[in-house]
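Asker: Quick one: sequence and predicted model below, then my questions.
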Amino acid sequence: MSSQLDLSAPQPLLPLRSDFAVTFCGRERLDRYRDAVLHVLEHTGVRFASPKALDILEAHGARVERASQVVRLAPDLVMAALGRAPRHFRLGSRDGDRDLDLASGDTFNTTNGCGTEVIDWHSGGRRQSTKADLEAISRLVDYLGSVQFWWPNVAASDCGDTHALHELEAGWGNTAKHLQGMVQGERAARYAVEMAAVVAGSAGELRRRSPLSALIGTVQPLVNDKDGVEAALVFAEAGVPVCFVTMPTFGTTAPATKAGAYVMGFAELISATVLLQLAHPGCPVILFPLPVHADPRTAALVTAPLNHRGLFLPGELVHHFGLPAMTGYAGTDDDLPGTWLAAAETAHTLMIAGIVGSELMTTIGLTNRYQLLTPEHMLLDDDLYHRAASVFRDVELDEETLALEVIDAVGPGGHFLGQPHTRRHMRETVERSIGQEIGPDGAHYRDPVEVARERGCDILENYVPTPLVEDKARELRRIVTAADAELRG
């Protein structure tokens, strides 16, 4: 049975939005977290494993110990530097028609990343992911309205040391959405900037509305490594937004207490932001706190334990520091799509994401602790996302929707089915989920996993996105080839 999807055009973008204003952490609590972060930065310090970064920080008044590479930052220096960072900006799209305005009040979503395996949708075999897989998945991402910007959902594992640049080529060749890449190292970052300028049209246009942002990870505990910060400096100089991410693991690379882990992780994020604002004042920065759990017995990653507290804190604390936030939700420990665990671990965080208020988030697409891609799981997650998109939207309230006239006309003991008001509104009462597609007998619902697999494979095989302009595609190929020649070991 063929999919019922209309593949003639991509779905409209569907960011999360809440019609209700909710605050979870009061200013007093957020101030206490902020003051603790400032204490760590001033007294404990953060290691910057880059002479270039140490020079910049020392020139602006930071206390630098060259032997240990530990930098201590006075609170006044930190807050003055943060004051230069923009609270809102735009993330450009490839062709200019799917830009993301971080001042809109929407939360823009991307997939999980960066997986290492796929279930081949032709053979059913499990294998390592390739660039060709990412190209196909990027077409899937281009189509789905639940995904508003691109991450490398799986790695181009067949492309060696320059895989991150190949991933950008795969992205721009198969989706018009904004790309957030994962390029590390100064030389690779310069190639990525060159690629982004080609896509944008010029270096000036890149600075105005960059089609690329860069995800740069800190190292726990309290380290900014050389490849990360020096790549970030290259991106910031070019006007490419930088998203710093920290992933403190409770009890191993961070304190076992959640408050302590958040403080330590934020010290890493804030220190890296201060560096960029001192080097390139006003450069766009996003902060992504993503603490993770480890099983105390096995040390394996645990996506969503029963006591999954503090889900509202990361976004609110980033905003308290005056910066846009990215947050991480969903994901599952389960290996198989369509299980109770896969749904439960994804749904319980997705359903609150709309009221957290982060500008960006990563949620859907992978199983096995963010390692395995199956088309059906992506589409099952897409269904959960669409449910979440409705949770915090208010109902329409006007004379038509209050329906007082039709209530009066039907009266006690009557029936509404024959009313013109019912005919006007009946279709909007049920938007079918992936589990409510009616089967061939016209009466029973089909297996949602089967429907999800059918839809996912249909998109992968038959959806054709708007191609990248041929001249730009050739130039990207030239740049990546040059990078391979220089950077591959």
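Answerer: Great, that's in hand. Small disclaimer: the values here were computed from a predicted structure and weren't measured.
Asker: Where does residue 274 sit: helix, strand or coil?
Answerer: Following DSSP: H, G, I helix; E, B strand; the rest coil, residue 274 is assigned to helix.
Asker: What segments of the stretch 201-350 of the chain are helices?
Answerer: Taking DSSP state H, counting those that start in this stretch as the criterion, the stretch 201-350 of the chain carries its helices at 203-208, 226-238, 258-279, 313-320, 340-356.
Asker: distance of residue 372 from residue 331?
Answerer: Using Cβ to Cβ, to the nearest Å, we find residue 372 at a distance of 11 Å from residue 331. (Each C-beta comes from the backbone N, C-alpha and C, glycine too.)
Asker: Identify the contacts common to the two.
Answerer: Here residue 372 and residue 331 have residue 366 as joint contacts, going by Cβ atoms under 8 Å, 6 or more residues apart in numbering.
Asker: Helices along the stretch 1-150 of the chain, start to end?
Answerer: Here the stretch 1-150 of the chain has its helices, by DSSP H, counting those that start in this stretch, at 27-39, 51-59, 75-82, 131-143.
Asker: Comparing these, which comes out most buried?
Answerer: Comparing these by mean neighbour count (mean count of other Cβ atoms under 10 Å), helix 131-143 ranks first with a mean of 23.
Asker: Which other helices and strands does that one contact?
Answerer: Packing contacts for helix 131-143, counted by 3 or more Cβ pairs under 8 Å, 6 or more residues apart in numbering; DSSP states H and E, involve helix 163-172, helix 375-391, helix 448-462.
Asker: Pick the most buried one from those.
Answerer: Most buried of the helices and strands packed on helix 131-143, by mean neighbour count (mean count of other Cβ under 10 Å): helix 163-172, with a mean of 25.
Asker: helices or strands up against that one?
Answerer: Judged by 3+ Cβ pairs under 8 Å, 6+ apart, the packing partners of helix 163-172 are helix 131-143, strand 178-181, helix 186-200, helix 470-487.
Asker: Surely residue 466 is within a strand?
Answerer: No. Membership of residue 466 in a strand is not supported by three-state DSSP, which gives coil.
Asker: pretty sure it contacts residue 174?
Answerer: No. Shown here, residue 466 and residue 174 do not form a contact pair, counting by Cβ atoms under 8 Å, at 9.8 Å.
Asker: Just give me the lowest mean pLDDT stretch among the helices of the stretch 201-350 of the chain.
Answerer: When those are ranked by mean pLDDT, helix 340-356 comes last with a mean of 90.
Asker: quick one on the thing from earlier: compile the helices of the stretch 201-350 of the chain into JSON lines and extend it with columns for mean neighbour count and distance to residue 462.
Answerer: As requested, the helices of the stretch 201-350 of the chain are exported to JSON lines (neighbours: other Cβ atoms under 10 Å; distance: least, Cβ to Cβ, whole Å):
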{"stretch": "helix 203-208", "mean neighbour count": "15", "distance to residue 462": "33"}
{"stretch": "helix 226-238", "mean neighbour count": "23", "distance to residue 462": "36"}
{"stretch": "helix 258-279", "mean neighbour count": "24", "distance to residue 462": "42"}
{"stretch": "helix 313-320", "mean neighbour count": "22", "distance to residue 462": "37"}
{"stretch": "helix 340-356", "mean neighbour count": "19", "distance to residue 462": "26"}
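Asker: got these as JSON lines, with distance to residue 170 columns?
Answerer: As requested, the helices of the stretch 201-350 of the chain are arranged in JSON lines below (distance: least, Cβ to Cβ, whole Å):
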{"stretch": "helix 203-208", "distance to residue 170": "20"}
{"stretch": "helix 226-238", "distance to residue 170": "19"}
{"stretch": "helix 258-279", "distance to residue 170": "27"}
{"stretch": "helix 313-320", "distance to residue 170": "30"}
{"stretch": "helix 340-356", "distance to residue 170": "25"}
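Asker: can you redo the helices of the stretch 1-150 of the chain as JSON lines with distance to residue 431 and mean pLDDT?
Answerer: Below are the helices of the stretch 1-150 of the chain laid out as JSON lines (distance: least, Cβ to Cβ, whole Å; pLDDT from 0 to 100):
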{"stretch": "helix 27-39", "distance to residue 431": "37", "mean pLDDT": "98"}
{"stretch": "helix 51-59", "distance to residue 431": "51", "mean pLDDT": "98"}
{"stretch": "helix 75-82", "distance to residue 431": "43", "mean pLDDT": "98"}
{"stretch": "helix 131-143", "distance to residue 431": "18", "mean pLDDT": "98"}
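Asker: gap between stretch 477-484 and the chain center?
Answerer: Stretch 477-484 sits 27 Å away from the centroid of its parent chain (Cα atoms, centre = their mean, to the nearest Å).
Asker: per-domain residue ranges of the protein.
Answerer: 90-393+469-487, 399-462 (automatic domain parsing).
Asker: could I get the ones you listed as CSV with distance to residue 70?
Answerer: Listed next are the domains of the chain as CSV, based on distance: least, Cβ to Cβ, whole Å:
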stretch, distance to residue 70
domain 90-393+469-487, 8
domain 399-462, 48
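Asker: re the thing from before, so for residue 466 and residue 174, which sits in the more crowded spot?
Answerer: A count of neighbours by other Cβ atoms under 10 Å puts residue 174 above the other of residue 466 and residue 174, at 24 against 14.
Asker: Which stretches in the stretch 1-150 of the chain count as strands?
Answerer: In the stretch 1-150 of the chain, the strands defined using DSSP state E, counting those that start in this stretch lie at 46-48, 63-65, 70-72, 90-91, 100-101, 108-111, 117-119, 126-128, 149-150.
Asker: right, so of the ones you listed, which gets closest to residue 136?
Answerer: When these are compared by Cβ to Cβ, strand 117-119 sits nearest residue 136, at 9.3 Å.
Asker: Identify the residues contacting the closest one?
Answerer: Here strand 117-119 makes contact (Cβ under 8 Å, 6+ apart) with 125-129, 133, 154, 368, 371-375.
Asker: rewinding a little: mind checking which of the helices of the stretch 201-350 of the chain is nearest residue 402?
Answerer: Once the helices of the stretch 201-350 of the chain are compared by Cβ to Cβ, helix 340-356 is nearest, at 25.6 Å.
Asker: chain center to stretch 148-165, what's the gap?
Answerer: Chain-centre distance of stretch 148-165: 15 Å, with Cα atoms, centre = their mean.
Asker: hey, C-alpha coordinates of that stretch in CSV?
Answerer: Output of stretch 148-165 as CSV, limited to C-alpha atoms (Å, rounded to 0.1, in the frame of the first residue of the first chain):
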residue,chain,number,x,y,z
GLN,A,148,12.6,23.5,11.2
PHE,A,149,16.4,23.3,11.0
TRP,A,150,19.0,20.6,10.1
TRP,A,151,21.4,18.6,12.3
PRO,A,152,23.5,15.8,10.9
ASN,A,153,21.0,13.2,12.1
VAL,A,154,23.6,10.5,11.3
ALA,A,155,27.3,10.7,10.7
ALA,A,156,29.0,10.5,7.3
SER,A,157,31.1,7.7,8.7
ASP,A,158,32.7,6.8,5.3
CYS,A,159,34.3,10.3,5.0
GLY,A,160,37.1,10.1,7.5
ASP,A,161,38.5,13.1,9.3
THR,A,162,36.6,15.6,7.2
HIS,A,163,33.2,14.0,7.7
ALA,A,164,31.7,17.1,9.3
LEU,A,165,32.4,19.1,6.1
